[in-house]
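Undergrad: When you get a sec, could you give me coordinates for this:
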Amino acid sequence: MAVRFIHTADWQIGKPFTQFPKDWQVRLTDARLDAIDRMAQLARDNRAAFVLVAGDLFDSDGLGGVTLQAPFARMAEAAPVHWHVLPGNHDPARPGGIWDRAARAGLPGNVTVHTTPVPVEIGHDVTLLPAPLIARRVANDPTVWMDDATSTPGNIRLGLAHGAIGRYGSDDHASVPLDPARAEKASLDYLALGDDHGLKEINARTWYSGTPEPDGFRDNAPGHALLVDIPSRGAPVGVTAHRVARFAWAELEAGVDATGEIVGLETALDGLPATRRNCVVRLALKGAVALDAAANVGRALDRLAAQGSFVDADRSGLRRTPSLDDLSDLTEGSELHKVGLRLMRRVDRSSASPEDQAAALDALTELLARHEEHAEP
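TA: Modelled structure (predicted):
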């Protein structure tokens, strides 16, 4: 019998995003919950039998009651879609831990948390082999037991695990080592993996889905859920990635011309898989800017912020280049003009330390900016 299902992982509900302003913390947190709705809709639209969540539904073990219950409320609303959840290394199935608390609070009828490594029949002709984690780090491969696990003859065998193959893994090292040949050794039709936050095919029957919402700047194709089709036991597997993310995170580099225009940034933003108001960008700026145009860089970044983008701009690659033309708007012979000339001499003085030159350049830039502000009608 054929089966179709959704494979997802690493929701990291409760991730704090403390490096962002408060309003962005709220937006990024809400997006992780909203991704549940989008995956439920993906399941309904494609008549998927169930959803496999391959670990790290939660970001940590000690979350508060509202954060703990919020994803289950979303999953309950998605009924009759059924969710099969695996404890990962961020939310291990330890005694008194987050899954015991969730059980005491009451799980929806369409949510099953697999806390023990035993075969479970989850549908007609389908056996699930889960490998729940009981700690953040384990020394041995938790999927080894699958090799000898029995299932009803002819049943499609699905593995569900969380850990690292090779150097893949959310912590950039194998805190939970997995055998890349497990699907073959355990005669699995498909092994659904979590831990790597990017979409990754290990082999035709072994995939990482990645996180449904990006949470970092790694270029590893985050933001997807996988639609998996298995026609019958042992048949070739069809895997289709569907983007479900609201936000796009990107590290970009842009040049700045002498007038302060950020060259090519608009085009680069338009190439991201999200609207402007849903872009999170780490931007490295490079170039040489005339002092009287330096303020234009800030204005361009302000425009992006007004459109809703979050841009963390690194301006250390920008060089500001003063010249006598920069002082042309100052009345010659005036006190401001004299101060400007003195600051320019300090910038150009070869005997001055880099710190002194930088301080003089900052002061000259500020002087010109203040003059421009007061000169505007």
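
Undergrad: Going by C-alpha atoms from here, please, whenever you check contacts or count neighbours.
TA: Noted.

Undergrad: Summarise which helices and strands the helix ranked longest in the chain is packed against.
TA: The longest helix of the chain (DSSP state H) is helix 22-45. On a contact count with 3 or more Cα pairs under 8 Å, 6 or more residues apart in numbering; DSSP states H and E, helix 22-45 meets strand 3-8, helix 65-77.

Undergrad: could you give me the average pLDDT of that helix?
TA: Mean per-residue pLDDT for helix 22-45: 97.

Undergrad: ok, now stretch 3-10?
TA: 98.

Undergrad: And that stretch, what's buried?
TA: The neighbour-count check on stretch 3-10 (16 or more other Cα atoms under 10 Å) flags 3-10 as buried.

Undergrad: Distance check, the most centrally placed residue in the chain against A274.
TA: By Cα atoms, centre = their mean, the chain has its centre lying nearest to P214, at 1.8 Å. Separation of P214 from A274 (Cα to Cα, to the nearest Å): 12 Å.

Undergrad: before we move on, the earlier item: any chance of the helices and strands packed on helix 22-45 in TSV, with distance to R299 too?
TA: TSV is the format used below for the helices and strands packed on helix 22-45 (distance: least, Cα to Cα, whole Å):
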stretch	distance to R299
strand 3-8	40
helix 65-77	38
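
Undergrad: any shared contact partners between P214 and A274?
TA: 247-248 (Cα atoms under 8 Å, 6 or more residues apart in numbering).

Undergrad: got the contact list for V53?
TA: V53 neighbours (Cα under 8 Å, 6+ apart): 7-10, 83-86, 194.

Undergrad: Next, it: phi, psi?
TA: phi -110, psi 110 (degrees, to the nearest 10).

Undergrad: separation between it and V144?
TA: 20 Å.

Undergrad: same thing with D10?
TA: 22 Å.

Undergrad: Then R32?
TA: In terms of Cα to Cα, R32 sits 32 Å off from V144.

Undergrad: Which residue, other than its chain neighbours, is closest to G234?
TA: Among residues not flanking G234 along the chain, D189 sits closest, at 6.0 Å (Cα to Cα, 6 or more residues apart in numbering).

Undergrad: same thing with T365?
TA: T365's closest residue in space is L291 (Cα to Cα, 6+ apart), at 6.1 Å.

Undergrad: Tally up the residues packed near that neighbour, please.
TA: Using other Cα atoms under 10 Å, L291 has 26 other residues around it.

Undergrad: OK, contacts around it?
TA: 320-323, 326, 365, 368.

Undergrad: Return the closest of those residues with respect to G238.
TA: Of all the contacts of L291, G238 sits closest to R320, with 54.7 Å by Cα to Cα.

Undergrad: Would you double-check that that closest one falls in a helix?
TA: No: counting by DSSP: H, G, I helix; E, B strand; the rest coil, R320 falls outside a helix, being strand.

Undergrad: just checking, it touches A288?
TA: Yes: counting by Cα atoms under 8 Å, A288 is a contact partner of R320 at 5.7 Å.

Undergrad: for the residue of the chain most remote from its centre, helix, strand, or coil?
TA: Distance from the C-alpha centroid of the chain, by Cα atoms, centre = their mean, peaks at G333 (55.9 Å). Secondary structure, three-state DSSP: G333 is coil.

Undergrad: Just the helices from this protein, written as ranges.
TA: 22-45, 65-77, 98-105, 182-185, 265-270, 294-306, 335-348, 354-375.

Undergrad: Can you list the buried residues in stretch 352-362?
TA: So stretch 352-362, judged by 16+ other Cα under 10 Å, has buried residues 357, 360-361.

Undergrad: what do you get for stretch 315-334?
TA: Quick answer for stretch 315-334 (16+ other Cα under 10 Å): 318-322, 326-327, 330.
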